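Asks: Fold the following, please.
(2 chains)
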Amino acid sequence: MEIKNSLTIGQYVPADSIIHKLDPRTKLISVLFFMVIIFLIENLIGYLILLLLICLLIVISRVQFKYFIRGLRPILILIVFTVFLQLFFTKGTPLVSMLGLIITKEGVNLAIFIFLRLVLLVFSSSLLTLTTSPMELTSALEWTLYPFKVFGLPSSEISMMMTIALRFIPTILEETDRLMKAQMARGADFESGGLLKRIQNMIPILVPLFISAFRRADELAIAMEARCFQVGVKRTHLKELCFNKRDYLFLVFFISIIIVVSFIF
Amino acid sequence: MSIEVKDLTYIYDEGFVFAKKALSNISLNILEGEIVGIIGHTGSGKSTLVQHLNGLIKPKKANTVVIDGVDIFDSKINLKEIRRKVGVVFQYPEMQLFEETVEKDVSFGPRNLNIPEEDVKERVKNALEMVSLDYEKYKDRSPFLLSGGEKRRVAIAGILAMNPKYLVLDEPTAGLDPWVRVEILNELLAINGKGTTLVIVSHDMDEISKIASRIYVLNRGSLALEGSSDYVFSQFERIKELGLSLPQITEILYMLNKKLGGVDYNKLDIDSGTDEILSCIKRCNKWK
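Replies: Below is the predicted model:
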């Protein structure tokens, strides 16, 4: 049972593709736009076209499809649950009835919509995180948040915090894995018992995990100070982001396709 | 009775971009009562191998890891039973300490094995004694306020309290002061003297040469050398090729032999090594 394999956050899959080479800001804007449109469309064909579009991009990205499926796994319960609710508890023209529950035509429609929406959301966000390294992603976020500086939002500090957080997700997962193994070697059991028992069983992992996280934070702070990090000072980047011709082309194509789709359907 | 590993291969993230072969076709045999050393570089697969020995990682094939005749691949076996039999002390085991007092922490293992409360206390006492910590003095102290060496000892006691038949230690002395290292090694020798089989993973040749009777050398996931420690350390060229070092005394004798000739460099301990150097000096004086 390796925990680190069940999460897709920050799991960048390097590959040589046009999608990988796009400016992270292009990808971020496209995904945000895509997500808004997902909620505006109310037609099945529209959804299928979007699904086709995202699948096409997945093929171009050269990231194996199973990574996307893996991204779906954590929200599988949510998907099943909402589809189930929509299917059985929507009022309308009855279609089939079984065991006292009635499936309505509207229910089937809504269930399919919700299902496609969730799948599209996961696929599009996975496409962003799987093809963009965490570093690129945070600098794109910094750029996006920059205008909010007017309202006192410390965009570069926020992006620094995110960079650090993202950087430590794999480390902490690895450590959790190690601790689980160390405690399992001492006969600990994480797989059986009721909810309360299971939470109790996590204590031997949580205590050392917190201790080392705090220690790590201290060490990091010292290391950053030793390298003259200061809050509120304008920082430069090793890799400056720049929009290329392909970014403009991609944005124009992508957004116009989506707008056309959303207008028609 | 023994731990038998036959033709063990393990691949991390099999089928994904990051797939990495950690172990390939490893076979080894650990007999009851002996001290076996496993040597290798970081990333040579030592830790992966260790995790197979108590079923934390399950092999993909049947009959690859067999402990006292029990195949751990078998889905019906009780893994807790295997983990009671094979105690594993991971690298930097003090990371796993979590309880308020030393006594509570050491008794975590035996409690998980559902051992009666009176026996638990006895076991904790014995385990702390084995690592030279006074039970009365340490039992109520917080493990987090101990020194590095004491923490390490408490963590090792946590495994010893489960009365393992085989004790596997991954780099038991890494990051400790030199004299604490020596003390812990001596405690381990004493534990072996009481009948516990030891498997010690390390990259410190001096340490392994002092304690192990048989050695397996891992390189990039496969076995590069195996045999008695005398045999393994006589394979100088091969060991250098693998990027490992010889025990320091052996290295000195080896260099002396290169320069003077006629030096018996197959000495692993300081005593016989010093004698050899002395006889060298005598010879040199004669030439003058």
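Asks: so what's residue A:115 closest to, chain neighbours aside?
Replies: Excluding the flanking residues, the one nearest residue A:115 by Cβ to Cβ, 6 or more residues apart in numbering or on different chains is residue A:83, at 5.3 Å. The way it works is simple: take the backbone N, C-alpha and C, and place the C-beta from them, glycine included.
Asks: To what extent is the one you found buried, counted in neighbours?
Replies: Residues near residue A:83, counting by other Cβ atoms under 10 Å in any protein chain shown, number 18.
Asks: quick one: pLDDT of it?
Replies: Among the per-residue scores, residue A:83 holds a pLDDT of 86.
Asks: hmm, who's touching the helix or strand containing it?
Replies: Using DSSP states H and E, residue A:83 sits within helix A:76-89. The contact list for helix A:76-89 (Cβ atoms under 8 Å, 6 or more residues apart in numbering or on different chains) reads A:72, A:101, A:102, A:103, A:107, A:108, A:110, A:111, A:114, A:115, A:118, A:119.
Asks: Just send those back as a markdown table, with neighbour count and secondary structure too.
Replies: Converted to a markdown table, the contacts of helix A:76-89 look like this (neighbours: other Cβ atoms under 10 Å in any protein chain shown; DSSP: H, G, I helix; E, B strand; the rest coil):
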| residue | neighbour count | secondary structure |
| --- | --- | --- |
| A:72 | 15 | helix |
| A:101 | 11 | strand |
| A:102 | 18 | strand |
| A:103 | 17 | strand |
| A:107 | 23 | helix |
| A:108 | 16 | helix |
| A:110 | 19 | helix |
| A:111 | 19 | helix |
| A:114 | 17 | helix |
| A:115 | 17 | helix |
| A:118 | 18 | helix |
| A:119 | 18 | helix |
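Asks: among these, which two are most distant?
Replies: A:72 and A:102 (28.7 Å; Cβ to Cβ).
Asks: With respect to residue B:263, which of the contacts of helix A:76-89 is nearest?
Replies: Of all these, residue A:72 has the smallest distance to residue B:263: 67.1 Å, by Cβ to Cβ.
Asks: so that closest one sits right up against residue A:119, yeah?
Replies: Yes. The pair residue A:72 / residue A:119 is scored as a contact, 7.0 Å apart, by Cβ atoms under 8 Å.
Asks: worst-scoring helix or strand of chain A, pLDDT-wise?
Replies: strand A:94-98 (a mean of 75; mean pLDDT, DSSP states H and E).
Asks: Please, where are all the helices along the stretch 101-250 of chain A?
Replies: Using DSSP state H, counting those that start in this stretch, the helices found in the stretch 101-250 of chain A span residues A:105-131, A:134-145, A:155-185, A:195-201, A:203-226, A:245-264.
Asks: pLDDT weak spots in chain A?
Replies: By pLDDT under 70, the low-scoring segments of chain A are A:1-10.
Asks: Tell me the helices and strands packed up against the helix or strand residue B:156 falls within.
Replies: Using DSSP H and E, residue B:156 sits within helix B:148-160. On a contact count with 3 or more Cβ pairs under 8 Å, 6 or more residues apart in numbering or on different chains; DSSP states H and E, helix B:148-160 meets strand B:86-89, helix B:102-106, helix B:108-112, helix B:117-130, strand B:166-170, helix B:178-193.
Asks: ok, now with 10 Å
Replies: Helix B:148-160 sits against helix A:155-185, strand B:86-89, helix B:102-106, helix B:108-112, helix B:117-130, helix B:135-138, strand B:166-170, helix B:178-193, with contacts defined as 3 or more Cβ pairs under 10 Å, 6 or more residues apart in numbering or on different chains; DSSP states H and E.
Asks: Am I right that residue A:216 is in contact with residue B:95?
Replies: No. Using Cβ atoms under 10 Å, residue A:216 is not in contact with residue B:95; the gap is 11.8 Å.
Asks: Find residues that contact each of the two.
Replies: residue A:175 (Cβ atoms under 10 Å, 6 or more residues apart in numbering or on different chains).
Asks: related to what we said a few turns ago, residues of the helix holding residue A:83 that come out buried?
Replies: By 16 or more other Cβ atoms under 10 Å in any protein chain shown, the buried positions in helix A:76-89 come out as A:79, A:82, A:83, A:86, A:87.
Asks: domain parsing for the chain?
Replies: Using chain A. A:1-133+A:242-265, A:155-231 (automatic domain parsing).
Asks: The chain in question should be chain B.
Replies: Split into domains by automatic domain parsing, chain B comes to B:2-243, B:247-288.
Asks: any chance of the ones you listed in JSON lines, with distance to residue A:203, mean pLDDT and mean neighbour count too?
Replies: Formatted as JSON lines, these follow (distance: least, Cβ to Cβ, whole Å; pLDDT from 0 to 100; neighbours: other Cβ atoms under 10 Å in any protein chain shown):
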{"stretch": "domain B:2-243", "distance to residue A:203": "7", "mean pLDDT": "91", "mean neighbour count": "18"}
{"stretch": "domain B:247-288", "distance to residue A:203": "43", "mean pLDDT": "84", "mean neighbour count": "14"}
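Asks: any chance of those domains in CSV, plus distance to residue A:147?
Replies: Compiled in CSV, the domains of chain B are given as follows (distance: least, Cβ to Cβ, whole Å):
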stretch, distance to residue A:147
domain B:2-243, 37
domain B:247-288, 63
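Asks: Tell me if stretch B:168-177 is near chain A.
Replies: Yes. With Cβ under 10 Å from any Cβ of the partner chain as the criterion, chain A is reached by stretch B:168-177 at residue B:168.
Asks: Kindly check the end-to-end length of that stretch for me.
Replies: From its first residue to its last, stretch B:168-177 covers 21 Å (Cα to Cα, to the nearest Å).
Asks: ok, now stretch A:180-195?
Replies: Counting by Cα to Cα, the terminal residues of stretch A:180-195 are separated by 18 Å.
Asks: how far is stretch A:233-253 from where the chain is centred?
Replies: Remark: stretch A:233-253 is offset 21 Å from the chain centroid, using Cα atoms, centre = their mean, to the nearest Å.
Asks: buried ones in that stretch?
Replies: Buried residues in stretch A:233-253, counted by 16+ other Cβ under 10 Å: A:247, A:250, A:251.
Asks: Correct me if wrong: the second one contacts residue A:19.
Replies: Right, the one you point to is residue A:250. Yes. Here residue A:250 lies in contact with residue A:19, judged by Cβ under 10 Å, at a distance of 8.8 Å.
Asks: intersection of neighbour lists for those two?
Replies: A:26, A:27, A:57.
Asks: which helices and strands does the helix or strand harbouring the second one pack with?
Replies: By that I understand residue A:27. Secondary structure assigned from DSSP H and E places residue A:27 in helix A:24-40. The elements that helix A:24-40 packs onto, with contact taken as 3+ Cβ pairs under 10 Å, 6+ apart, are helix A:18-21, helix A:44-61, helix A:105-131, helix A:134-145, helix A:245-264.
Asks: what sits up against the least confident helix or strand of chain A?
Replies: A:88, A:102, A:103, A:104, A:105, A:106, A:107, A:108.
Asks: Turn those residues into TSV, including distance to residue A:177.
Replies: Listed next are the contacts of strand A:94-98 as TSV, based on distance: Cβ to Cβ, whole Å:
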residue	distance to residue A:177
A:88	39
A:102	47
A:103	43
A:104	46
A:105	48
A:106	46
A:107	42
A:108	42
